[in-house]
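Novice: fold the following for me, if possible:
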Amino acid sequence: MNIKTKIVSRTLLSALLITPTLSMAELAVTPQTPEQWRSVTDRDIEAAYSISAKNHPGMFDVNNPVFPELLKQAKAEAFALSAKASGPQVHVAAIARFSTVLQDGHAGVFSRVERPARRWPGFRAVWRGDALKVYYSETDNINKGDVITGCDGQSTETLMRQRVFKFHGQVTQPGHWWQQGWRLLVDEGNPFLTPLKECQFIKANGQAYSKTLDWSVRPQSVTKHLTHAYNGDELTTDLTWPAQNIAWIAMPSFANNDKQTHDYNNLYKKVASQRTKLLSAKTVVLDLRHNQGGSSYWSLKLAKALWGEQVVEQKMDNYSKNSRVWWRASKDNTSHVKSLIEVLKDQPKAQKEFKEIAAGMAQSLENNKLFYIEEPQSKPNQSDSTVPESDFKTQVFVIVPPQCASACLDAIDVFKQFSNTQLFGAPSSADSLYMDVRLAELPSGLGKVIIPNKVYVNRARGKGDYYKPDIAYNDIDWTTDKLLEKIKLL
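Specialist: Residues are numbered from 1 along each chain as shown. Next up, the predicted model:
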């Protein structure tokens, strides 16, 4: 498992999560007329296709022969929306459609055009399990926990497929229903979606009722009531004991920065000094709420601290023994990897690795080869029967949030190697086999293309594979106190 590569790649990916939108005033040349907006949108769609076609590993991936046609379909469907209307929000919608056709969080394109103020119908919904439920309400007779069964004559599931997943997320991923469910009853200014008019609800006592929706700009005062709506309160990276014999290890991020380095180093010291207590505890909780990836280094080191370094290394070597990494050796991809050498000057081992990768890609490019195939490190074969047994047998619950992907999934890959680990919470998200992304600017400056630089071949966790919870937790409230109440009973 190429840990150092992931330290860099996941950090780059995290940039996607914090890239700000652009206001019209920030653009060098602001489109003014419908014709100008359509021209800008179409040019950006064409660029997204062209940049992807030149650099995306999927264009030449023998294990994914449908990708070139899928990329053409993404372009066609984005153009179809641009042909129907024009304006800043058409740019947002058409670009979003391009990405959702690809159904891959590590590829596509995003628009940074400023969105209008969100409107709401006086309540906020979340998806839990197989239903959309009211999380917070300022509307009379609509209460927290009420199930929204449908709107305007269509079921909630149908509406999610037609309205939400056309522009956001991946419809085949259960975790994405949890992530994206709130969007169904929010008006984000999409010109291709007419706000819903009336919805049907079922109360906790089984009583059914309907309500006409009254749309308005959501007040800023509502924000404080929604801070825990997604996956509960966010704890600091730490080891605590919130109840007798229950250890709680919070890991809300695997970002590779100074703060995380400090927090995780303190965490490892605590685990080492309290390991005897952890061995005799009733339960150890590994809390991944709010985690959106970063570096897989942090979770791997924690696993070694709990289960033992040798046993973890041997299990993960066996787990990933057939995996290979193919780097797409295009001109721009190669230049990007070369640029990382300077970025990694303070990480000698990672810098050495990327020097080798950059040299291999440059050689492949010179020889007109499509890929540089990274040579795996030679390690002695170990059968599962020869892996030493860990002395850490305490019951472990991993709290899995629905957005868990990338390095967060890598963490679960490690934790689930051990029989004393159970997953608690929601279905995770999933990764494709395309990784290590970079960003390329659209011609307009209104967004960026997401380009993965490599593809995994024979990765143990397959394309689109996600983790199902061993113990599902579909309640609305995901705060620490509520989760602890449930875990005490297990």
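Novice: list the buried residues for stretch 52-72?
Specialist: 52, 55-61, 64, 67, 71 (16 or more other C-beta atoms under 10 Å). The C-beta positions use only the backbone N, C-alpha and C, and glycine is treated the same way.
Novice: which helices and strands sit right next to the strand or helix carrying residue 179?
Specialist: For residue 179, the element it lies in under DSSP states H and E is helix 174-180. Applying 3 or more C-beta pairs under 8 Å, 6 or more residues apart in numbering; DSSP states H and E, we find helix 174-180 packed against strand 123-128.
Novice: the strand it packs on pairs with which strands?
Specialist: strand 131-137 (antiparallel) (DSSP bridges).
Novice: scan this protein for its longest helix.
Specialist: helix 34-55 (DSSP state H).
Novice: low-confidence stretches in the stretch 1-150 of the chain?
Specialist: Applying pLDDT under 70 to the stretch 1-150 of the chain flags residues 1-29.
Novice: could you point out the helix or strand that follows the longest helix of the chain?
Specialist: helix 67-84.
Novice: ok but residue 335 is inside a strand, no?
Specialist: No - counting by DSSP: H, G, I helix; E, B strand; the rest coil, residue 335 is not part of a strand but helix.
Novice: count the residues that sit near it.
Specialist: 14 (other C-beta atoms under 10 Å).
Novice: centroid-wise, who is the farthest residue in the protein?
Specialist: No residue in the chain sits farther from the centre than residue 207, which is 36.7 Å out by C-alpha atoms, centre = their mean.
Novice: kindly provide the distance from that one to residue 238.
Specialist: Distance check for residue 207 against residue 238: by C-beta to C-beta, to the nearest Å, it reads 44 Å.
Novice: same thing with residue 79?
Specialist: 50 Å.
Novice: what is the end-to-end distance of stretch 405-420?
Specialist: 22 Å (C-alpha to C-alpha, to the nearest Å).
Novice: list the buried residues for it?
Specialist: Those would be 405-418, for stretch 405-420 by 16+ other C-beta under 10 Å.
Novice: quick one: least confident of those residues?
Specialist: In terms of pLDDT, the lowest of these is residue 406, showing 89.
Novice: and stretch 223-240, average pLDDT?
Specialist: Mean predicted confidence for stretch 223-240 is 95.
Novice: can I get the CA coordinates of that stretch in PDB?
Specialist: In PDB, the C-alpha atoms belonging to stretch 223-240 read as follows (Å, rounded to 0.1, in the frame of the first residue of the first chain):
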ATOM      1  CA  THR A 223     -27.600  27.900  10.600                       C
ATOM      2  CA  LYS A 224     -26.900  27.400  14.300                       C
ATOM      3  CA  HIS A 225     -29.700  24.800  14.400                       C
ATOM      4  CA  LEU A 226     -28.200  22.800  11.500                       C
ATOM      5  CA  THR A 227     -24.600  22.500  12.700                       C
ATOM      6  CA  HIS A 228     -25.100  18.900  13.800                       C
ATOM      7  CA  ALA A 229     -27.500  17.900  11.000                       C
ATOM      8  CA  TYR A 230     -25.000  16.100   8.800                       C
ATOM      9  CA  ASN A 231     -23.200  13.800  11.200                       C
ATOM     10  CA  GLY A 232     -23.300  15.200  14.600                       C
ATOM     11  CA  ASP A 233     -20.900  17.400  16.700                       C
ATOM     12  CA  GLU A 234     -17.300  17.500  15.700                       C
ATOM     13  CA  LEU A 235     -14.800  16.400  18.400                       C
ATOM     14  CA  THR A 236     -11.100  17.300  18.500                       C
ATOM     15  CA  THR A 237      -8.700  14.500  17.500                       C
ATOM     16  CA  ASP A 238      -8.100  12.900  20.900                       C
ATOM     17  CA  LEU A 239      -8.500   9.800  23.200                       C
ATOM     18  CA  THR A 240     -11.100  10.300  25.900                       C
END
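Novice: in it, what counts as buried?
Specialist: Applying 16+ other C-beta under 10 Å to stretch 223-240 flags 228-235, 237-240 as buried.
Novice: need the contact partners of it.
Specialist: 124, 126, 135-136, 182, 247-253, 260, 263-264, 266-267, 270-271, 274, 287, 289-290, 401-403, 426, 477-480, 482-483 (C-beta atoms under 8 Å, 6 or more residues apart in numbering).
Novice: how far off centre is it?
Specialist: Centroid displacement of stretch 223-240 relative to its chain, using C-alpha atoms, centre = their mean, to the nearest Å, is 17 Å.
Novice: quick one: residues contacting the nearest residue to residue 183 once chain neighbours are set aside.
Specialist: Once flanking residues are discounted, residue 183 sits nearest to residue 164: 4.9 Å by C-beta to C-beta, 6 or more residues apart in numbering. For residue 164, the contact set (C-beta under 8 Å, 6+ apart) comprises 180-181, 183-184.
Novice: and the helix holding residue 179, average pLDDT?
Specialist: 96.
Novice: the next helix or strand after that helix pairs with which strands?
Specialist: Remark: after helix 174-180, the chain's next helix or strand is strand 198-202, criterion DSSP H and E. Paired neighbours of strand 198-202 in the sheet (DSSP bridges): strand 147-151 (antiparallel), strand 208-212 (antiparallel).
Novice: for whichever strand or helix holds residue 311, packing partners?
Specialist: With secondary structure defined by DSSP H and E, residue 311 is part of helix 309-319. Counting contacts by 3+ C-beta pairs under 8 Å, 6+ apart, helix 309-319 packs against helix 297-307, helix 407-415.
Novice: and the ones you listed as TSV, adding distance to residue 452?
Specialist: As requested, those are exported to TSV (distance: least, C-beta to C-beta, whole Å):
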stretch	distance to residue 452
helix 297-307	20
helix 407-415	15
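Novice: right, I'll call it a day here.
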